[in-house]
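Q: Just to be clear, the model below is a prediction. Sequence and coordinates:
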Protein chains: 2
Amino acid sequence: MKRIDTSAWPCNIARSASVLGDHWNILLIRQGCLGIRRYEDFQRTLGIGRNMLSMRLNGLVDQGIFERVEYQTRPARSEYRLTDKGRDAYTVLAAMDAWGRRWLAGPEGTPVLLHHRTCGHDMHAVVVCSECSGPLEVRQVSARAARTPRRGPRG
Amino acid sequence: MKRIDTSAWPCNIARSASVLGDHWNILLIRQGCLGIRRYEDFQRTLGIGRNMLSMRLNGLVDQGIFERVEYQTRPARSEYRLTDKGRDAYTVLAAMDAWGRRWLAGPEGTPVLLHHRTCGHDMHAVVVCSECSGPLEVRQVSARAARTPRRGPRG
């Protein structure tokens, strides 16, 4: 399947999609959020082929989502820990969980419940406005290019 | 590239990833959110090949994200409109925008500004808890299987 590189497009969604617009990457970050760190455990819990797993983990390390940390020296063994950037991607996964509940759960309801230790309640994610805290609805949001000062020859 | 079908996994994130874990699908929903409806306009604005575009649009229609609506009869011409389910996926894209701002924007800052007409401010999305409205941090969230009553032979 052909992929274009959207990582430098002038759009945060397109840039994020270059990392998160891949279902293996999402599932690997999900496993990381659940505490999985070792290659064999990613492999076993996702049933992902080893070539694909190595390719994806290396890519996520390159992108600063996971860091490779040696936990044993003889023989050398490494594990994959989510970085701050990787942990913060949980916000996107939580929004996906909430959308999945609303639209993909079927009559038997959500297969997974989330518990927020901070407040002690079962909950789901809500995506709100940073300014008014109201839930975001696409028809109420408009996008425009930021005017950033240009530098260099074109400045 | 091999894909596994995660649409029936007992996990809302994995199910959502079967639709949203694809960068073309994300970009097509993004274009839909920006008001794009016609095949030629999706093609032109994304620079996507026609085979890929047709495959992805058909898939998104099958999944109930877009609906195909005839806007002209002679010759027959259709356009693709986001459904309620598709428009609601904007919550995930808004979370991706916010994550992209924080982690992928570089020193020149966000390339895109979002304006919330409801409150009249420029803003970004925040992913919060439905119960306490506090921002979600993965270390404060735990997941468990929902106990749903089984039906049929195993019930």
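A: Cool, got the structure.
Q: now chain A, which segments are flagged as low pLDDT?
A: Counting by pLDDT under 70, chain A contains low-confidence ranges at A:1-3, A:148-155.
Q: Could you rerun that using 50?
A: A:1, A:154-155 (pLDDT under 50).
Q: Give me the contacts around stretch A:61-81.
A: Outside of stretch A:61-81, the residues that reach it under the criterion C-beta atoms under 8 Å, 6 or more residues apart in numbering or on different chains are A:19, A:25, A:28-29, A:32, A:37-39, A:42, A:57, A:60, A:82-83, A:85-86, A:89, B:103. Just so you know, the C-beta spots here come from the backbone N, C-alpha and C atoms, and that holds for glycine as well.
Q: Let's see that with 7 Å instead.
A: By C-beta atoms under 7 Å, 6 or more residues apart in numbering or on different chains, the residues outside stretch A:61-81 that reach it are A:19, A:29, A:32, A:37-38, A:57, A:60, A:82-83, A:85-86, A:89.
Q: Top of those by number of neighbours, please.
A: Among those, A:Ala89 has the most neighbours (other C-beta atoms under 10 Å in any protein chain shown), with 29 neighbours.
Q: Is it correct that that residue is in contact with A:Ile29?
A: Yes: counting by C-beta atoms under 7 Å, A:Ala89 sits close enough to A:Ile29 to count as a contact (5.4 Å).
Q: for A:Ala125, what are its contacts?
A: Residues touching A:Ala125, when contacts are defined by C-beta under 7 Å, 6+ apart, comprise A:94-95, A:97-98, B:127, B:136.
Q: top of these by neighbour count?
A: Neighbour tally across the contacts of A:Ala125 (other C-beta under 10 Å): the maximum, 30 neighbours, falls on A:Ala95.
Q: Excluding chain neighbours, give the residue nearest to that one in space.
A: Distance criterion C-beta to C-beta, 6 or more residues apart in numbering or on different chains; nearest residue to A:Ala95, sequence neighbours excluded, is B:Ala95 at 4.0 Å.
Q: chain center to stretch A:39-51, what's the gap?
A: In this view, stretch A:39-51 has its centroid 18 Å away from the chain centroid, taken as C-alpha atoms, centre = their mean, to the nearest Å.
Q: tell me which residues of it are tucked away?
A: Taking 16 or more other C-beta atoms under 10 Å in any protein chain shown as the neighbour-count basis, stretch A:39-51 is seen to contain the buried residues A:39, A:42-43, A:46, A:48.
Q: quick one: which of those sit in helices?
A: Using DSSP state H, the members of the buried residues of stretch A:39-51 that fall in helices are A:39, A:42-43, A:46.
Q: Can I get those residues in TSV including distance to chain B?
A: Shown next, in TSV, are these (distance: C-beta to the nearest C-beta, whole Å):
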residue	distance to chain B
A:Tyr39	18
A:Phe42	14
A:Gln43	13
A:Leu46	8
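Q: what's the longest helix in chain A?
A: Assignment by DSSP H; longest helix in chain A turns out to be helix A:90-104.
Q: Find the residue at the geometric middle of chain A.
A: Among the residues of chain A, the smallest C-alpha distance to the mean C-alpha position (C-alpha atoms, centre = their mean) belongs to A:Ala89, namely 3.9 Å.
Q: ok, now which ones touch it?
A: The contact partners of A:Ala89, taken as C-beta under 7 Å, 6+ apart, are A:20, A:29, A:65, B:99.
Q: Including secondary structure, could the contacts of stretch A:61-81 go into JSON lines?
A: Putting these into JSON lines (DSSP: H, G, I helix; E, B strand; the rest coil) gives the following:
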{"residue": "A:Val19", "secondary structure": "helix"}
{"residue": "A:Ile29", "secondary structure": "helix"}
{"residue": "A:Gly32", "secondary structure": "helix"}
{"residue": "A:Arg37", "secondary structure": "coil"}
{"residue": "A:Arg38", "secondary structure": "coil"}
{"residue": "A:Leu57", "secondary structure": "helix"}
{"residue": "A:Leu60", "secondary structure": "helix"}
{"residue": "A:Leu82", "secondary structure": "strand"}
{"residue": "A:Thr83", "secondary structure": "coil"}
{"residue": "A:Lys85", "secondary structure": "helix"}
{"residue": "A:Gly86", "secondary structure": "helix"}
{"residue": "A:Ala89", "secondary structure": "coil"}
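Q: quick check, nearest of these to chain B?
A: Distance ranking of the contacts of stretch A:61-81 against chain B, using C-beta to the nearest C-beta, places A:Lys85 first at 4.8 Å.
Q: my guess is that closest one contacts B:Gly100, does it?
A: No: under the criterion of C-beta under 7 Å, A:Lys85 lies out of contact with B:Gly100, with a separation of 11.0 Å.
Q: Tally up the residues packed near A:Ala105, please.
A: For A:Ala105, the count of nearby residues is 15 (other C-beta under 10 Å).
Q: show me the contacts for it.
A: B:Asn12.
Q: can you map out the strands along chain A?
A: Remark: strands of chain A, listed N- to C-terminal, are A:66-72, A:77-82, A:112-116, A:121-123, A:125-129, A:141-145; assignment by DSSP state E.
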